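**Q** Predicted model, plus sequence, below.
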Amino acid sequence: MNAVNPRRWRALVVLAAAQFMVIMDTSIIGVALPDMQRDLAFSPDALQWVFNAYVIAFGGLLLLGGRLSDLFGARRVFTTGWIVLIAGSAVAAAASSPWVEILGRGVQGVGGALIAPASMTLLMMLFGHDSRELGKAMALYGAAAPAGGTAGVFLGGVITEYLSWPWVFIVYVPIGVATLLAVPALLPAVAGRRGSVDVLGGVAVTAGIALAVFAIVRAPEQGWGSAATLLELAGAVVLLALFLLVQRVIREPLMPLGIWRTPGLAVANLAMALLGAAWIPMWYFLNLYLQQVLGYSAFPSGAALLPMTIAIMIFMIGITARLLGRFGAKPLIVIGLGVLAAGVAGLSLVRPDGTFVADVLPASLVAAVGMSLAYIPAMMSAMSGARPEDSGLASGIVNTTYQIGSALGLAVMTALATGATAAGATAPAALTDGFQAAFTGAAVVAAAGAVLTLLLMRTPASAVSPAADAEAASAQV
């Protein structure tokens, strides 16, 4: 057995801070989007790529990041991930055109995909000697995720309002440098092992997802039945089929297909995909509604979303874990997705002359409760049936599914919003028509998730009683 690392709790601060920053990277840009759209001349349908470029790279490469961590050592991959994230942040901050901004965000996502799995490996190595210490470490590490999401919304508003939007990326540079300086002294060196890297599989799945999103975003302009749209969608199908073929024939695949025989894994992944496809578009369009229709500047817009993000943190850490231990996963997933659907449906009633208190606050809090009830149970349901040696893979798959669902859902809802908004219109009434369509679509997706989980999840997943385990599942929200 390895000796206990005397610096393990200080090392946990570095790992939790890394998780905080990776999750914050998905939320900190939300409030800054309208300013970025104006300064970089983003079209309404292209603006979503500021978010999706990160999510596609992050979600599409998570499995590859985990494999690289195994082969080359977790500390080395963790360090490399921060170097990549710093480079992507610098590119995004200096961008003077939409495509450079999107490129920077994609590079940031690659960095995140290296950091996240390496962090978990290092945490297990530091605390795996004692189950009680591991539970405490997991709880602290897990709490960094909702904290990062909450801080990102608020800090994004403060930074954009009082500095400028490039600073939402610049902040990652000094933090990243400080992290790199702390790594040699605090994080243990982890030896890699021999094996091969499924680069083709990683590229195929990421490219397939990106092409599918690209096709859906362009469909309202090109026509859903146009040759261009059909060819792009066909190309995405071919790439994803190539990924599955590679996984079937390669000796050391990123995702051994036999994992899908794990009880409950497929249904839990379906629930996670639909949860992401409803939640992320809701969050994205709510940011735009607050600023482009209600006229909020960046700081008030960020502050307006704080009640929702604080509710998520309170429920995920303090309530959902207890409910999961008592009732099991299935009831919470079904109820959570249903409550999320109700909250987002309430947002579909927003008005051009609406107010935050009447149109946004009540519905957004309902949606936040629904998300909090569904996320951790779906995560734990996906992992509970896996063999111990497959638990890491099951966790990686379900986190990847959530990211992919988020990207595809945002693409679909953007297409709905674009189709419902008069061409070139910028008046609040016209924009609200598009936002209403997006919220309605997201509500339908969440409701479908509740119904499908109710019908397809044959038996409730085993209850997970240790609260720390459930809290740890929130580490990828």
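**A** Noted; the coordinates are in hand.
**Q** tell me which element residue 168 is part of?
**A** helix 167-170 (DSSP states H and E).
**Q** Give me the distance from that helix to the chain's centre.
**A** Counting by CA atoms, centre = their mean, to the nearest Å, helix 167-170 is centred 19 Å from the centre of its parent chain.
**Q** Please list the outside residues in contact with it.
**A** 28-29, 32, 89-90, 92-93, 104, 108, 155-156, 159-160 (CB atoms under 8 Å, 6 or more residues apart in numbering). Heads up, the C-betas are built off the backbone N, CA and C, glycines and all.
**Q** can you check stretch 48-57 too?
**A** 25-26, 29-30, 33, 36, 42, 98, 101-103, 105-110, 112-113, 206, 209-210, 213, 217, 280, 284, 403-404, 406-407, 410-411, 414.
**Q** Look up how far residue 205 lies from the residue nearest the centre of the chain.
**A** Central residue of the chain (CA atoms, centre = their mean): residue 403, 4.8 Å from the mean position. Distance, residue 403 to residue 205, by CB to CB, to the nearest Å: 11 Å.
**Q** what touches both of those two?
**A** With CB under 8 Å, 6+ apart as the test, residue 403 and residue 205 both reach residue 60.
**Q** What segments of the stretch 101-250 of the chain are helices?
**A** 131-162, 167-170, 172-186, 199-222, 227-249 (DSSP state H, counting those that start in this stretch).
**Q** name the helices or strands packed onto the last one?
**A** Packing contacts for helix 227-249, counted by 3 or more CB pairs under 8 Å, 6 or more residues apart in numbering; DSSP states H and E, involve helix 199-222.
**Q** Quick check: residue 418 touching residue 47?
**A** No - contact criterion CB atoms under 8 Å: residue 418 and residue 47 do not qualify, at 10.7 Å.
**Q** Residue 31: what secondary structure?
**A** coil (DSSP: H, G, I helix; E, B strand; the rest coil).
**Q** residues near residue 458, how many?
**A** Residue 458 has 9 neighbours, counted by other CB atoms under 10 Å.
**Q** Quick check: which ranges of the stretch 251-400 of the chain have low pLDDT?
**A** Low-confidence segments of the stretch 251-400 of the chain (pLDDT under 70): 386-392.
**Q** got the contact list for residue 64?
**A** 113, 197, 198, 199, 201, 202, 254.
**Q** Let me know the helix or strand that it is in.
**A** helix 49-72.
**Q** distance between the ends of stretch 37-46?
**A** 9 Å (CA to CA, to the nearest Å).
**Q** follow-up on the earlier one: output the helices of the stretch 101-250 of the chain as TSV; include the columns mean neighbour count.
**A** Output for the helices of the stretch 101-250 of the chain, formatted as TSV (neighbours: other CB atoms under 10 Å):
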stretch	mean neighbour count
helix 131-162	21
helix 167-170	22
helix 172-186	16
helix 199-222	21
helix 227-249	15
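**Q** Tell me which of the ones you listed lies nearest to residue 426.
**A** helix 199-222 (17.2 Å; CB to CB).
**Q** okay, the angle between the closest one and helix 227-249?
**A** Going by axes from the mean of the first three to the mean of the last three CA atoms, to 10 degrees, helix 199-222 is angled at 160 degrees with respect to helix 227-249.
**Q** who does helix 199-222 touch, helix- and strand-wise?
**A** Contacts defined by 3+ CB pairs under 8 Å, 6+ apart place helix 199-222 against helix 44-47, helix 49-72, helix 227-249, helix 391-420.
**Q** Now render the ones you listed as TSV, adding distance to residue 350.
**A** Putting those into TSV (distance: least, CB to CB, whole Å) gives the following:
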stretch	distance to residue 350
helix 44-47	17
helix 49-72	20
helix 227-249	30
helix 391-420	12
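**Q** To residue 83, which of those lies closest?
**A** Per CB to CB, nearest to residue 83 of those: helix 49-72, 13.7 Å.
**Q** Quick one: name whatever helix or strand follows the closest one.
**A** Following helix 49-72 toward the C-terminus (DSSP H and E): helix 74-94.
**Q** okay, that next one in PDB with CA atoms only?
**A** Extracted in PDB, the C-alpha atoms of helix 74-94 (Å, rounded to 0.1, in the frame of the first residue of the first chain):
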ATOM      1  CA  ALA A  74      -2.400  11.700 -14.200                       C
ATOM      2  CA  ARG A  75      -0.100  14.500 -13.000                       C
ATOM      3  CA  ARG A  76       1.400  14.900 -16.400                       C
ATOM      4  CA  VAL A  77      -2.000  15.000 -18.100                       C
ATOM      5  CA  PHE A  78      -3.300  17.400 -15.500                       C
ATOM      6  CA  THR A  79      -0.400  19.700 -16.100                       C
ATOM      7  CA  THR A  80      -0.800  19.500 -19.900                       C
ATOM      8  CA  GLY A  81      -4.500  20.200 -19.600                       C
ATOM      9  CA  TRP A  82      -3.800  23.500 -17.700                       C
ATOM     10  CA  ILE A  83      -1.300  24.500 -20.300                       C
ATOM     11  CA  VAL A  84      -3.900  23.900 -23.000                       C
ATOM     12  CA  LEU A  85      -6.600  25.700 -21.100                       C
ATOM     13  CA  ILE A  86      -4.300  28.800 -20.500                       C
ATOM     14  CA  ALA A  87      -3.500  28.800 -24.300                       C
ATOM     15  CA  GLY A  88      -7.200  28.600 -25.200                       C
ATOM     16  CA  SER A  89      -8.100  31.300 -22.700                       C
ATOM     17  CA  ALA A  90      -5.500  33.700 -24.200                       C
ATOM     18  CA  VAL A  91      -6.800  33.000 -27.800                       C
ATOM     19  CA  ALA A  92     -10.400  33.600 -26.700                       C
ATOM     20  CA  ALA A  93      -9.500  36.800 -24.900                       C
ATOM     21  CA  ALA A  94      -7.600  38.200 -27.800                       C
END
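**Q** Quick check: which helices or strands does that helix pack against?
**A** helix 8-27, helix 49-72, helix 98-127, helix 167-170, helix 172-186.
**Q** and the angle from the second one to helix 8-27?
**A** This means helix 49-72. 150 degrees.
**Q** change the start of the numbering to 36 and stick with it
**A** Will do, 36 is the new start, and the previous item becomes helix 84-107.
**Q** any idea of the angle helix 84-107 forms with helix 133-162?
**A** Going by the same axes, to 10 degrees, helix 84-107 makes 40 degrees with helix 133-162.
**Q** Check what pLDDT residue 178 gets.
**A** With respect to pLDDT, residue 178 has a value of 65.
**Q** Report the contact partners of the residue nearest to residue 407 when sequence neighbours are not counted.
**A** In this structure, residue 407 finds its nearest non-sequential neighbour in residue 350, 3.4 Å apart by CB to CB, 6 or more residues apart in numbering. Residues near residue 350 by CB under 8 Å, 6+ apart: 403, 404, 407, 408.
**Q** Please identify which helix or strand holds the second one.
**A** I take that to be residue 404. Short version, using DSSP H and E: residue 404 is in helix 396-419.
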